[in-house]
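1. heads up, no residue letters with this:
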């Protein structure tokens, strides 16, 4: 049974982030009543303005991207509540005022390496915010959606993973995501809170500042810097363009078959990292590529099988890297050109 997203009151906690603002804009475009709660502190505006932190990449470029996100939200008429979701009373007050039908939790430290280096902050911004959201939602929300990660699986078998595969995560990030999944299921068991868990993988797309591999490749290439690949380039990831993901989340909201289910939500076909580097070389000829040893805390990954999402909610991704990553490259080129080649100046 399907129900339209139009007119649905949707709250995105952590909604000013990369995934969140893209979801918010997409939902609004399709007629939903969208609200965002975000403290702007995790990989966002306040973090980038912290002068005592060493920011990888280019601080000013990323500040401009964040400001662009916020302007897009404002121009679309999407209310932004700047609140810290770690504060239970603040979050509960906002949710009482908004009365959302759907709550989507994105608030987290969404980077495995950063999580392993600072477990306390990762726990604080991931598990604490999730618990507050669950408890605020348990008696008044029709659908609770939690963003987990492909990292919950740990090492993938060579033929890929289904949602029923055993989870054996490595490191802080994957284990906290798995703990979050268990908390969501516990609230369903205890309070009958309808939920959906989404496991994305290797996301990329416009206005991302998370320093994922695809972003780093393009930024280095635009500047004529060498590209560093961890491992021998044969490691595989299920690269997923942001527009496939937002379409999939819409399917989750509109289709009752998604309730109390867990879905892999990726392109559904892993590619070698050297395939992405090859696309960079096509668009930036002559770029040097260097290979460095792989981190022991990085699992061997591959394809997330998406047959379940295809069958139950008609999920149908359309962006292989030859299409999605090329669009991402062209977006960066246009941004670089529009700023006269100065977007990387300090």
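-> Now that the structure is in, tell me what you want to look at. Computed from a predicted model, the values in this text were never measured in an experiment.
2. in which helix or strand would I find residue 186?
-> Taking DSSP states H and E as the criterion, residue 186 maps to helix 171-191.
3. ok, then the element right after that helix?
-> Once the chain leaves helix 171-191, the next helix or strand it forms, by DSSP H and E, is strand 195-199.
4. residues in contact with whatever helix or strand comes next after that next one?
-> Later in the chain than strand 195-199, the nearest helix or strand by DSSP H and E is strand 203-204. By CB atoms under 8 Å, 6 or more residues apart in numbering, the residues outside strand 203-204 that reach it are 18-19, 212, 214-215, 239-242, 245, 324-325, 328. For the C-beta atoms, the positions are set from N, CA and C on the backbone; glycine is no exception.
5. now strand 203-204, how far from the centre of its chain.
-> The chain centre lies 7 Å from the centre of strand 203-204; the measure is CA atoms, centre = their mean, to the nearest Å.
6. what sits up against the next helix or strand after that strand?
-> Once strand 203-204 ends, the next helix or strand along the chain (criterion: DSSP H and E) is helix 213-222. By CB under 8 Å, 6+ apart, the surrounding residues in contact with helix 213-222 are 57-58, 61, 202, 204, 208-209, 226-228, 237, 239, 273, 276-277, 280, 283-284, 287, 325, 328-329, 332-333, 336, 344.
7. look up how far residue 143 lies from residue 193.
-> 9 Å (CB to CB, to the nearest Å).
8. what packs against the helix holding residue 186?
-> With contacts defined as 3 or more CB pairs under 8 Å, 6 or more residues apart in numbering; DSSP states H and E, helix 171-191 has these neighbours: helix 112-117, helix 119-137, strand 143-147, strand 195-199.
9. doesn't residue 28 lie inside a strand?
-> No: applying DSSP: H, G, I helix; E, B strand; the rest coil, one finds residue 28 to be helix, outside a strand.
10. tell me which of the contacts of strand 203-204 fall in helices.
-> Among the contacts of strand 203-204, DSSP state H puts 18, 19, 214, 215, 242, 245, 324, 325, 328 in helices.
11. mind putting these into CSV with neighbour count, distance to residue 4 and pLDDT?
-> Putting the ones in helices among the contacts of strand 203-204 into CSV (neighbours: other CB atoms under 10 Å; distance: CB to CB, whole Å; pLDDT from 0 to 100) gives the following:
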residue, neighbour count, distance to residue 4, pLDDT
18, 26, 26, 94
19, 24, 22, 95
214, 25, 33, 92
215, 18, 34, 92
242, 22, 22, 97
245, 26, 20, 98
324, 22, 27, 97
325, 24, 32, 97
328, 23, 30, 96
